[in-house]
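> need the 3D shape of this:
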Amino acid sequence: MDSTSPGRAVTDRNPSKLASRGVCPEDAHRGSRQVNAIQRHAPTSAAQHGEGPWLSIILPAHNEASCIEQVVGDFCAAAAALARADRGVEILVVDDASQDATAAIVRRVAPPTGVSVRVVQRTTQGGYGRALTTGFEAAAGTWLFFSDADGQFEADQLPGFLNAIKEDGVDMIIGYRSPRHDPWHRRLMGRLWTAVVRNALRVPARDVNCAFKAFRRSDVRRMRLSSDGALINAELLHKARRMDLTIAQRPVRHRARLSGDASGARPDVILRALGELLRYRVRSRWTRGGS
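Sure, this is the predicted structure:
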């Protein structure tokens, strides 16, 4: 698929960080999602001692049978490097009603020590945003990270990416594709979308839709995210700004997806995202009297 405790007030002039101000809006929480089943594999040693994982890696997937084994295997290797003696790492693949063998392939993966793999299987396709929020709700980690399940991002860069948690003491880390290996029209649409979101929601991110982000589970649950589709990244960053979370931006390596076709640049997807952005902006201004 393409694409909470209050934050600490931190003063920093490093351009790689974004310090925002505001209050999280009290959006009405969406009803329960339809989830068919959760399959568990190889529980971590930490889980056996009653502790949850310190990190949950969330991969939304729809019809990714041709590449999901490689992607999950790569993230298993990265997760093994991140697992701690007392707390492990879990990988959640949210299967958004795939019509192929995506879920079955993931269930066959044998994770390394300290890593668990779960499939969260939806019975109806809900869209990219709904798949992500389903994963956020099912995750057990103190920190959450999400990426795409189509292989656009190399998993071995995750440990270095997460170093900002210790180095900068931030509440959220977001990636920006550098360079972005997509056709020219997708790169153009990505730049235009980022410009529109920055202007409409005052979100100073370099690459709004980059699917390489990490944050605390407690923070994202307070956000009560409501976007079902492509707006999910913009809503996440906008509510982080309102919650006064500190954000670090890091470049991440990007490559063409391993298989399949991306849908993010289709006219119908773009129009739907713009409509969702307009409705969200109006609702946000109405509930808080401003941005």
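
> rest of the way, CA atoms for contacts and neighbours
Noted.

> where do the helices of the protein begin and end?
45-48, 68-82, 102-107, 128-138, 158-161, 164-167, 184-201, 217-223, 232-242, 267-288 (DSSP state H).

> low-scoring stretches of the stretch 1-150 of the chain, by residue?
Scanning the stretch 1-150 of the chain for pLDDT under 70 picks out 1-50.

> low-confidence ranges, the stretch 151-291 of the chain, go.
For the stretch 151-291 of the chain, the ranges with pLDDT under 70 are 260-266, 286-291.

> give me that answer again for 50
289-291 (pLDDT under 50).

> okay, the helices of the chain in JSON lines with distance to Phe146 and mean neighbour count next?
As requested, those are exported to JSON lines (distance: least, Cα to Cα, whole Å; neighbours: other Cα atoms under 10 Å):
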{"stretch": "helix 45-48", "distance to Phe146": "21", "mean neighbour count": "16"}
{"stretch": "helix 68-82", "distance to Phe146": "11", "mean neighbour count": "20"}
{"stretch": "helix 102-107", "distance to Phe146": "17", "mean neighbour count": "20"}
{"stretch": "helix 128-138", "distance to Phe146": "8", "mean neighbour count": "23"}
{"stretch": "helix 158-161", "distance to Phe146": "10", "mean neighbour count": "16"}
{"stretch": "helix 164-167", "distance to Phe146": "15", "mean neighbour count": "12"}
{"stretch": "helix 184-201", "distance to Phe146": "19", "mean neighbour count": "16"}
{"stretch": "helix 217-223", "distance to Phe146": "12", "mean neighbour count": "19"}
{"stretch": "helix 232-242", "distance to Phe146": "11", "mean neighbour count": "23"}
{"stretch": "helix 267-288", "distance to Phe146": "20", "mean neighbour count": "15"}
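
> could you dump those helices to JSON lines with distance to Gly88?
Putting the helices of the chain into JSON lines (distance: least, Cα to Cα, whole Å) gives the following:
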{"stretch": "helix 45-48", "distance to Gly88": "6"}
{"stretch": "helix 68-82", "distance to Gly88": "8"}
{"stretch": "helix 102-107", "distance to Gly88": "19"}
{"stretch": "helix 128-138", "distance to Gly88": "16"}
{"stretch": "helix 158-161", "distance to Gly88": "14"}
{"stretch": "helix 164-167", "distance to Gly88": "17"}
{"stretch": "helix 184-201", "distance to Gly88": "35"}
{"stretch": "helix 217-223", "distance to Gly88": "16"}
{"stretch": "helix 232-242", "distance to Gly88": "26"}
{"stretch": "helix 267-288", "distance to Gly88": "36"}
